[in-house]
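Participant: I would like to see how this sequence folds:
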Amino acid sequence: MMQQQTSSSGTGDTPDIVLIDNVSKRFVLRKDNSLKERLVTLGRVGRRHREEFWALAGVTTSIQAGHTVALIGHNGSGKSTLLKVIGGIIDPTSGSVQRRGRVAALLELGAGFHPDLTGRENVFLNASIMGLSRSVTEARFDDILEFSGIGDFIDTQVKFYSSGMYVRLAFAVAVHTDPDLLLVDEVLAVGDEAFQRKCLDKIRSFQEEGRTIILVTHALSQVVELCDRAILLNKGVIEFDGEPRVAVAQFRDILEDRRLAQVTPDSVETVREAAVHSASAQAEGRGPDEDLQQGDDLLIEMDIEHFNSTKDWMCAIQIDNTLGQVAYGTTTKRLALQLSPLQGRRTIWFRLRDTHFGGGKYFVNVSLMDSTGRHFADLPQACSFDVADMELAVGSTYSVPEFFELAPTT
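Facilitator: Purely as a prediction, here's the structure:
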């Protein structure tokens, strides 16, 4: 089993609502998936046909009442497993979890719904499971129905619901049961934008009421915006527990390390007659591991090669954010540069002066082309750089904000 790294618990004077003590969870993955394979391997001794996987390994932390905590990490890091253990959906292999108060969990699409019952019947069933009496549920039913927005489909069997209808009704029930602890997995990503905004508004109202929320999400912007604490999981252990901005930055570093580990020499494009071998990006005047600050010059260095020789060539860079959206792009043609013939291997640079990118990680894509736009070679995500988080604003670009207020007229 992997060893747990030291993690920090939340701080504050509020009482603990969740205590997680040395929790580990093991799953057994079978390799003989078909019935025929299982009959053939029946009674055989050994581990050849099964494999143990530790989704969690000695996780210890606590969560205080009134906080909003994000569990983040790459797929398979153990975040959803930990959320299910906290919610009591699955039991840990070892260790313990203590909870207090009423728990409402949105962990899987349609979890807790009986497919042959109508939406109305499932509302009363789920509410009763969460401890609400029938009279209380009846008093809140109209609010639940209005929040879900599913209208007359409330009297339709839920097996005929779309995934979006499932989520809307499940979330509506959960938030109207007055939970002390709300657990939310990625299910909110299924709803449309209008419903997602409604859910986020409800979460903010819960925060104002002092309720505790634990959520799993890949929307890192929501982590920074909504949460006052983030727990970063990697291979079943806690890598970081604390400030959301720091957790998000470390998570992006882990993702970049995983991406680079998957890059092989065959990944270098050698289309036709040229190649982009490598690239690097760094704030000029700072160390290689330092973040780019507002107003810094960004130096992008590229190692390129043309296997023959050409006079007709240009270089293009495109900088994307983590969502793949273009944050910046330019070419030597746009800069009206007269380039010397490209022959053999060469190092070239772009210097971007006085940059004002928003905080976060960015990826640099490099291309070699001729004047008609024909690509000699491309190296997507050739390198990356980090921009220091902004305290005064959020977004892809940065400007120092100022606020003015007119004096009230008398």
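
Participant: And for Gly88, the neighbour number?
Facilitator: Residues lying near Gly88 (other C-beta atoms under 10 Å) number 12. All C-beta atoms are positioned from the backbone trio N, CA, C, and that covers glycine.

Participant: scratch that, Ile348 is what I was asking about
Facilitator: 16.

Participant: Likewise for Pro115?
Facilitator: 11.

Participant: That one contacts Lys159, correct?
Facilitator: Yes. Contact criterion C-beta atoms under 8 Å: Pro115 and Lys159 qualify, at 3.7 Å.

Participant: how would you label Gly373: helix, strand or coil?
Facilitator: Here Gly373 is coil, with the state taken from DSSP: H, G, I helix; E, B strand; the rest coil.

Participant: before we move on, what about Val400?
Facilitator: In terms of secondary structure, Val400 is coil; the call rests on three-state DSSP.

Participant: What distance do you get for Gln98 to Leu182?
Facilitator: Gln98 sits 18 Å away from Leu182, going by C-beta to C-beta, to the nearest Å.

Participant: So those two - more neighbours on which side?
Facilitator: Leu182 (23 against 11).

Participant: and this protein, what are its domains?
Facilitator: What automatic domain parsing lists as the domains of the chain is 16-258, 269-387.

Participant: Columns mean pLDDT and distance to Val394 on top of those, output as CSV?
Facilitator: Listed next are the domains of the chain as CSV, based on pLDDT from 0 to 100; distance: least, C-beta to C-beta, whole Å:
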stretch, mean pLDDT, distance to Val394
domain 16-258, 85, 7
domain 269-387, 89, 7
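
Participant: Okay, helices next: where are they in this protein?
Facilitator: Using DSSP state H, the helices of the chain run over 35-41, 79-87, 119-129, 134-148, 163-175, 193-208, 220-226, 244-262.

Participant: List of residues touching the second one?
Facilitator: Contacts to helix 79-87, defined as C-beta atoms under 8 Å, 6 or more residues apart in numbering, come from residues 18, 20, 23, 25, 55-56, 59, 71-73, 90-92, 97, 99, 103, 105, 107, 183, 185-186, 214, 216, 233.

Participant: Narrow the residues you listed to just the buried residues.
Facilitator: Buried members of those, scored by 16 or more other C-beta atoms under 10 Å, are 18, 20, 23, 25, 55-56, 59, 71-73, 92, 97, 99, 103, 105, 107, 183, 185-186, 214, 216, 233.

Participant: Select from these every entry located in strands.
Facilitator: 18, 20, 23, 25, 55-56, 59, 71-72, 97, 99, 103, 105, 183, 214, 216, 233 (DSSP state E).

Participant: Val246 contacts Phe240, doesn't it?
Facilitator: Yes. Under the criterion of C-beta under 8 Å, Val246 makes contact with Phe240 at 6.6 Å.

Participant: Could you check which of these two is surrounded by more residues?
Facilitator: Set side by side, Val246 and Phe240 show more neighbours around Phe240, with 21 against 14, by other C-beta under 10 Å.

Participant: That one and Ser384, how far apart?
Facilitator: 19 Å.

Participant: Okay, the closest residue to Thr310 other than its chain neighbours and Ile300: tell me how far apart.
Facilitator: Nearest-residue entry for Thr310: Leu342, 5.4 Å, with adjacent residues in sequence omitted and distances by C-beta to C-beta, 6 or more residues apart in numbering. Note on Leu342: its distance to Ile300, by C-beta to C-beta, is 17 Å.

Participant: Same question for Glu405.
Facilitator: Noted for Glu405: a distance of 42 Å to Ile300, by C-beta to C-beta.

Participant: More neighbours: which of the two?
Facilitator: Ile300 (20 against 5).

Participant: The more buried one contacts Ile317, doesn't it?
Facilitator: Yes. With contact defined as C-beta under 8 Å, Ile300 reaches Ile317; the gap is 6.1 Å.

Participant: Which residues are in contact with each of the two?
Facilitator: The contact lists of Ile300 and Ile317 share Phe350, Val364, where a contact means C-beta under 8 Å, 6+ apart.

Participant: Strands of the stretch 301-410 of the chain, start to end?
Facilitator: Taking DSSP state E, counting those that start in this stretch as the criterion, the stretch 301-410 of the chain contains strands spanning 314-321, 326-331, 342-352, 360-369, 375-387.

Participant: tell me what the first one is packed against?
Facilitator: So the one you mean is strand 314-321. Counting contacts by 3 or more C-beta pairs under 8 Å, 6 or more residues apart in numbering; DSSP states H and E, strand 314-321 is packed against strand 298-310, strand 326-331, strand 342-352, strand 360-369.
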